[in-house]
Every structure is written in structure tokens, then in C-alpha cells.
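Trainee: Have a look at this prediction, sequence included:
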Amino acid sequence: MAYVEGLMMDTPLDISLIWRHASLYHAARPVVTRRFDRSIHRTTMGAVLERARRLGSALLALGVEPGDRVATLCATTYQHLEAFFAVAGIGAVVHTVNPRLASGDVIYLLNHADDRVVLVDQSLYPIIEAIRGEIPVRHVIVVGEDGPPPAGTLSYEAVLDQADPDGFRFVIRDERQAAALCYTSGTTGRPRGVLYSHRSMVLHALGLVDPHVTGMSGRDVACLIAPMYHVMGWGVPWQAFLQGTALVLPGRHLDPASLLELFASEKVTISCGVPTVLFGLLDALDAGPDRYDLSALRMILVGGAAVPEATIRAFDERHGVHLVHAWGMTETSPLGSVAYLPADLDDAPAPARYAYRASQGLPPALVQVRVRDGAGAEVPRDGRTMGELEVRGPWVARAYFGQDDPDRWTADGWLRTGDLATTDARGALSIHDRAKDVIKSGGEWISSVALENEIMAHPAVAEAAVVAMADPKWQERPLAVVVLRPGRTLDLDALHAFLGFKVPQWWLPDRMVVADALPRGAAGKVLKAALRARYAG
């Protein structure tokens, strides 16, 4: 049979498509930022893109070439948004760096990425100042409004003022050209770089538009709780400019009161963030349920870690706020799956609806997932049989930047996530643990995630983590580390009584420790290795 080629245009999928579309059709849409001094700055998408042109022109004049990496140590602000577009637009690679990292990790990342320029918020400049002699950057551009920049640096606003407005040009050879670089959180070993292409970012933005993901449109107002250094703000900035969704950027003010004030004053309709932030929002709402008008808020997309069913119920039943559970990784850009309630469950009993919403749900159309056992066979879709979750798709990494880790990919090209999961009859994912965190007791697996979720349903518990402790008889047994709500108490017997038959009896923790806080990494994830080390023996 003869091959017949279709006669359609082969338009490159690069960031200039989103840029030009937003400039033409969404230029008046608002971009609102809470400044460092807590004042509100208002601008528009058109103005952001015009300033991005000037920044791109300035970077070209500073010698930045296609493929060069430009680092950002910035909060979630309109200036950071300008850098996203400017750097990618001139064919360079925007490298977002988490400012919460230890200085040694920042040194490692800037050297590994070989960044040529770094844009840094004025309040974060001491991080760069302390390591300036150990990093390869040629120019430091300080984003701030308080006086002249430090010696040996450039002022962001001065750079824009002095830029040739006609000096900008798109320097994008093809859609597979690198556009952005993010590093994994590195909870075990050094962080690994994930290098996104223009094509992957455009397709990811289109994937987010799916009504079973966010369904964001030009009628929405999105507040980006997920920092822009966390997997490129989950891709929401690109999607917002594609759709004309108004953006609300909280800057560095991510405390519950500041976020809820923004939700109310800006009539936010959609937001996204990690469970840690959500727990704080819930406590604030419980303390003052009538203080904030959240009538415009239709959903919060929550990911980065499992959110307990009890938390989903609490937001729904006490405050009318709808949480949608998602799963993803730095390697998946991050969209991997979303537990958007299927139509056939609309009229199901509440327990069935909440159970589904607490799962990781289904992948979007362009992402494939499978769960395989240790022998490489796909496990049955019975909701019980666990295996390792593997994923592939057009916005999933196929290798790490500058690092060789072939074991993370299968021979047929799937990413091995390291998550242990099940799938049910409809294909919905439930992630039960990281492979390194699962508890193997007497030859059986205990899901630390499922056990944590049940423990956090206790009214006295604010947060919980479950880790394995060595046991001479059973090999491993669970230890529960809990953070209690103010003024509350809890002991092991009371916890066992609460858990009752919600989990198998042999899952019940042998020990419980009350802690002031759980150790967390720079990305906000609980450091279970630190807990195991702290409570060993």
C-alpha cells in the first residue's frame, strides 16, 4: 500500500505562537501581583509581553545566545512572567531555581546548568552575593524597586529602560529546541535536570485546557499558588496567555490570610497548589468561616503530594470549595493525571464520589500510563494489585539534562516513576507509595500514603507521616509521626481506636511520635529519609 502524505501546514509549536496570539487577542487581560511590600501592582498581558520584548532585546545585547541558560531566583511576580517569555523567545533556556534550596545546591545547579545570566529578586540577592565567586554567571540582574542595585550587578528596570525596543527577535530554530529547565527536588541524591522543549510546553498548555483538567478559559481568574520555580508554575502561565485567563500572582506572600484576601478581592475562580498550603487555608477558613468571600472560586487543583479524602470533604462540606486532585512530576511537566469526577459518578453516593476524588484519576488524552509488576507484566485493573507506575507522552521527559540515568526509562521508552500504584476497572490511578517508602511487613505491603490519609482524618491531627521501622519479627513495622492541632492531644491507643477497621488491623502503627513539625525539602515534600534517620531504633 502506497504512503500518502497529508497536505496540511506544518506549523512549528513554539512559544511564539502563544506570544503572538496573546498580543493580538488577550492584550487587555489583567495580570495582578502582590508586591513585596504587600501593595498591589496591576498590569496587562499586553504590557507584560511588551516589557518581555525589551528584556529579550537586552539579553541579546548582553551576549545571550540560543541555547544559553538564564537562571531566575524570583518569586511569583509579573517580572518573573516577563522573564519566562523573554528568555524562551530569544531561543535561550529559562532555568527556574528554587530560592529555598541550600546554598550548596544552588551552587551545584548554577554550575551544572552553566547559567550565563541570573535574574534575582532584590530580597534574594544575598543568596547570589554569598556564592558569586563559585558560579559561572557573567551578569546578575537584580529585580527590585528600592534604590540602586548592588555593586557589580544590573538593575532590572534600568536594563529594560535602556533596551532597544526594536532589538528583539524570535530566535527559535524549531519546535524541539530547548525552552526551559527545571531540576527535580533531589530528596535522594543530586537534583536532576528536566529540559523542556517549545513543543512540549505548547502541548502541555493545550492539555491543561481540557475541561476534565482545569477547563480554564478567558472568563477565569487564576491565582498561581504553585511558585513559578516549581515546574514552571505547573504550566499555568503559558495556558493563561493562550486562553486569556486573568492572572493573580501572590509574590512571596503565600500565608493563608494573604492568599484568601487575594481570592476574595480579585474574585479568583481557580487556583492550584500543594497540600501543605491547602492545610493552612483550611485552618484559616475554619477559624473565620465568614471572613472571606470565596463565592467566585470554582476549584483548586491540588498536587505535589497526596491530599487526604478528609481534606477534600472538609473544603466541600464546611466551605463550599471544590478541590480537584492531580498527580504529576517535574519529568511530566507536570500534568500526569487528574481526578476530575466522571459523569457516571455525578449521582453516586457521597462515599463513592469522595473515594474517586481522593484517587489520582485518569491521564489526559495525550498521556499514556501503565502499571507493571516486577516481572514486567501489566497488573490487572482490579484496584488492588500494585505495581510500578510508568508513563509516556509528548510532555514527558525522555532523558535528563547532562546526566545519564538509563534505569529511569524502560527499553520501550516509558518513564519509570518510582510510584507504586493500582488501577481500577475504569483505569483510574491510585498511588499508594513511593517504592522507597513502602512498608514491607511480614511479606505484605503497607501503604504509608493510605495510612497517613486516614490518620489525618482525626480531628486532633494537623499533619502526619508514616515511615518504616526495622522489626526483628516482621522485617518492618509502621511508625506514625504526627503534628497535632493547637490544644489537642492524642495517644497511640486513641489513634488505634479512631482507625478502627478503616485500615487492615496489621497496618495499625506500632508506635506514634508527636512532633512540632515534619521535616520538608525545598519543594515542600516531607523528607521521610530524615524521619527514618531521626527515629531509627
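Mentor: Good, I have the coordinates.

Trainee: Helices along the stretch 151-300 of the chain, start to end?
Mentor: 156-162, 198-209, 236-243, 256-265, 275-287 (DSSP state H, counting those that start in this stretch).

Trainee: Could you tell me the angle between the third one and helix 198-209?
Mentor: I take that to be helix 236-243. Counting by axes from the mean of the first three to the mean of the last three C-alpha atoms, to 10 degrees, helix 236-243 lies at 80 degrees to helix 198-209.

Trainee: and helix 236-243, what does it pack onto?
Mentor: Using 3 or more C-beta pairs under 8 Å, 6 or more residues apart in numbering; DSSP states H and E, the elements in contact with helix 236-243 are helix 15-25, helix 78-89, helix 198-209, strand 221-224, strand 246-249. All C-beta spots, glycine's among them, are computed from the backbone N, C-alpha and C.

Trainee: M469 falls within a strand, correct?
Mentor: Yes. Counting by DSSP: H, G, I helix; E, B strand; the rest coil, M469 is located in a strand.

Trainee: how much space between P351 and A425?
Mentor: Remark: distance between P351 and A425 (C-beta to C-beta, to the nearest Å) = 17 Å.

Trainee: for V514, same thing?
Mentor: 40 Å.

Trainee: Likewise for A180?
Mentor: Look at A180 and A425: by C-beta to C-beta, they are 38 Å apart.

Trainee: Between these two, which is the more surrounded one?
Mentor: Ranked by neighbour count (other C-beta atoms under 10 Å), A180 and A425 place A180 first, with 26 against 9.

Trainee: my guess is that one contacts H95, does it?
Mentor: Yes. Under the criterion of C-beta atoms under 8 Å, A180 makes contact with H95 at 7.5 Å.

Trainee: just the strands in the stretch 301-450 of the chain please.
Mentor: Taking DSSP state E, counting those that start in this stretch, the strands of the stretch 301-450 of the chain run over residues 323-328, 335-338, 368-372, 387-392, 415-423, 429-434, 439-441, 444-446.

Trainee: about what we covered before: output the helices of the stretch 151-300 of the chain as a markdown table; include the columns distance to P99.
Mentor: Shown next, in a markdown table, are the helices of the stretch 151-300 of the chain (distance: least, C-beta to C-beta, whole Å):
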| stretch | distance to P99 |
| --- | --- |
| helix 156-162 | 16 |
| helix 198-209 | 23 |
| helix 236-243 | 18 |
| helix 256-265 | 18 |
| helix 275-287 | 17 |
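
Trainee: Select from those helices the stretch with the lowest mean pLDDT.
Mentor: Note on the helices of the stretch 151-300 of the chain: lowest mean pLDDT is at helix 275-287, with a mean of 92.

Trainee: which other residues reach it?
Mentor: 225, 254-257, 259-260, 292, 300, 302, 304-307, 311, 314-315, 318-319, 321, 323, 462-463, 485, 520, 524 (C-beta atoms under 8 Å, 6 or more residues apart in numbering).

Trainee: Now do it and strand 323-328, the angle between them.
Mentor: Orientation check (the same axes, to 10 degrees): helix 275-287 against strand 323-328 gives 170 degrees.

Trainee: low-confidence ranges in the stretch 1-150 of the chain?
Mentor: For the stretch 1-150 of the chain, applying pLDDT under 70 flags the ranges 145.

Trainee: do that again at 90, thanks
Mentor: Applying pLDDT under 90 to the stretch 1-150 of the chain picks out residues 1, 100-102, 144-148.

Trainee: all strands in it, in order from the N-terminus.
Mentor: Under DSSP E, counting those that start in this stretch, the stretch 1-150 of the chain gives strands at 30-34, 40-44, 69-73, 93-96, 115-121, 139-143.

Trainee: now the angle from the last one to strand 115-121?
Mentor: It refers to strand 139-143. Going by the same axes, to 10 degrees, strand 139-143 makes 20 degrees with strand 115-121.

Trainee: hang on, V106 packs against I127?
Mentor: Yes. With contact defined as C-beta under 8 Å, V106 counts as touching I127 (6.3 Å).

Trainee: Find the residues that touch each one of those two.
Mentor: 73, 99.

Trainee: More neighbours: which of these two?
Mentor: Set side by side, V106 and I127 show more neighbours around V106, with 24 against 18, by other C-beta under 10 Å.

Trainee: residue contacts, the more buried one?
Mentor: When contacts are counted by C-beta under 8 Å, 6+ apart, V106 touches 73, 97, 99, 127, 131.

Trainee: again, only using 7 Å
Mentor: When the contact criterion is C-beta atoms under 7 Å, 6 or more residues apart in numbering, the partners of V106 are 97, 127, 131.

Trainee: and if you look at V367?
Mentor: Counting by C-beta under 7 Å, 6+ apart, V367 has contacts 336, 391, 393.

Trainee: Can you give me the domain boundaries for this structure?
Mentor: 15-253, 437-537 (automatic domain parsing).

Trainee: Dump these into a markdown table; add distance to A264 as well.
Mentor: As requested, the domains of the chain are exported to a markdown table (distance: least, C-beta to C-beta, whole Å):
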| stretch | distance to A264 |
| --- | --- |
| domain 15-253 | 11 |
| domain 437-537 | 24 |
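
Trainee: Great, nothing more from me.
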